[in-house]
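Colleague: Have a look at this prediction, sequence included:
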Amino acid sequence: MTFTDADNAALYDRLNPWKGADADFYDPLVDEARDVLDVGCGTGQMLIAARERGHAGRLVGLDPHDPSLDRARRRTDVEWVLAKAEDARWEAEFDLAVMSSNAFQCFVTDDELRNSLRAIRKALRPGARFAFDTRNPAAREWDAWRDATFEIDDLLVSYEVETVENGVVTFTESTSHDGDLLRCDRASLRFLEVDELNGFLAEAGFMIEGQYGGWTRGPITDRTRSIVTVAATRSW
């Protein structure tokens, strides 16, 4: 079966629709901000949904993956920018930056993380927010991925963990239909402890406004799968 980049992007949207508890958390933040930067926007579902709700401000999606942005570009009243976070060059142009769907974990090295946070901080106005989520390393979610298989509608999604080293998990995710392999993605994600995460944020000039163990704003424990952070820039 021939599977194009456009098919891959459409498949991603099917497997990861913009709805649920994470959307319920982010959407109000987006709605109350005038100018929004979505870092690692992928196929643009968050910003497209905001436009469809009537958001009238500036919406910018940033992503290094052109096939995903090709799908996002079906909505022409949102700015779509092909680049890595660390290559962003905006200065004090946004009231909110967001990174959803654990995209923050794609910053694997210290240099990439520092450079990306610095660029995001520079893009924000005084008193602006940066909201994002990461998986909680204490919950060891990668253990559930080991040789795991899940059914989503008529699709079969399977995982294989290759390595877990120094907080970085490398794995493959395969999606198939009726025995045909549709896509196979290999990725490395960094799992940061709360103290280490907050240290990087402070170094970049962010203050913690709120930090939660999930989308309902509960406390962070060893059992909570997510660390949801709302950081802020100084108002002066």
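Modeller: That came in fine, so what should we check first?
Colleague: Break down the protein into its helices, ranges please.
Modeller: Applying DSSP state H to the chain gives helices spanning 5-15, 21-32, 45-53, 66-72, 110-123, 142-145, 194-204.
Colleague: Pull the contacting residues for the residue nearest to Gly205 when sequence neighbours are not counted.
Modeller: For Gly205, ignoring the flanking residues on the chain, the nearest one in space by CB to CB, 6 or more residues apart in numbering is Arg121 at 5.0 Å. Placement of C-beta: from N, CA and C, glycine included. By CB atoms under 8 Å, 6 or more residues apart in numbering, Arg121 lies in contact with Phe130, Ala204, Gly205, Phe206, Thr233.
Colleague: who's in contact with the residue lying closest to the fourth one once chain neighbours are set aside?
Modeller: Okay, so that is Phe206. Closest residue in space to Phe206, ignoring its immediate chain neighbours: Ala231 at 3.9 Å, by CB to CB, 6+ apart. Contact partners of Ala231, counting by CB under 8 Å, 6+ apart, are Arg129, Phe130, Ala131, Leu201, Phe206, Met207, Ile208, Glu209.
Colleague: biggest separation within those, which pair?
Modeller: Ala131 and Met207 (13.3 Å; CB to CB).
Colleague: more crowded one of these two?
Modeller: Ala131 (21 against 12; other CB atoms under 10 Å).
Colleague: wait, doesn't that one sit right on Phe94?
Modeller: No: counting by CB atoms under 8 Å, Ala131 does not reach Phe94; the two are 11.9 Å apart.
Colleague: ok, now how distant is Gln105 from Val98?
Modeller: The gap separating Gln105 from Val98 is 15 Å, by CB to CB, to the nearest Å.
Colleague: These two: which has the busier surroundings?
Modeller: Neighbours per residue, other CB under 10 Å: of Gln105 and Val98, the larger number sits with Val98, 25 against 22.
Colleague: Export the contacts of Arg121 to TSV and append columns for neighbour count, pLDDT and distance to Gly167.
Modeller: Shown next, in TSV, are the contacts of Arg121 (neighbours: other CB atoms under 10 Å; pLDDT from 0 to 100; distance: CB to CB, whole Å):
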residue	neighbour count	pLDDT	distance to Gly167
Phe130	26	98	21
Ala204	20	98	19
Gly205	14	97	23
Phe206	23	98	20
Thr233	22	97	27
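Colleague: from those residues, which is closest to Leu37?
Modeller: The closest of those, once distances to Leu37 are taken by CB to CB, is Phe130, at 9.2 Å.
Colleague: For this protein, which segments count as strands?
Modeller: 35-39, 58-63, 79-82, 94-99, 124-135, 149-152, 155-165, 168-177, 180-190, 207-212, 226-232 (DSSP state E).
Colleague: Which parts of the protein belong to which domain?
Modeller: 5-136+193-232, 139-189 (automatic domain parsing).
Colleague: Just name the shakiest helix or strand of the protein by mean pLDDT.
Modeller: helix 5-15 (a mean of 84; mean pLDDT, DSSP states H and E).
Colleague: for that helix, packing partners?
Modeller: If you count contacts as 3 or more CB pairs under 8 Å, 6 or more residues apart in numbering; DSSP states H and E, helix 5-15 packs onto helix 66-72, strand 155-165, strand 180-190.
Colleague: What residues of that helix count as buried?
Modeller: Going by neighbour count (16 or more other CB atoms under 10 Å), the buried part of helix 5-15 is Asn8, Ala9, Leu11, Tyr12, Asp13.
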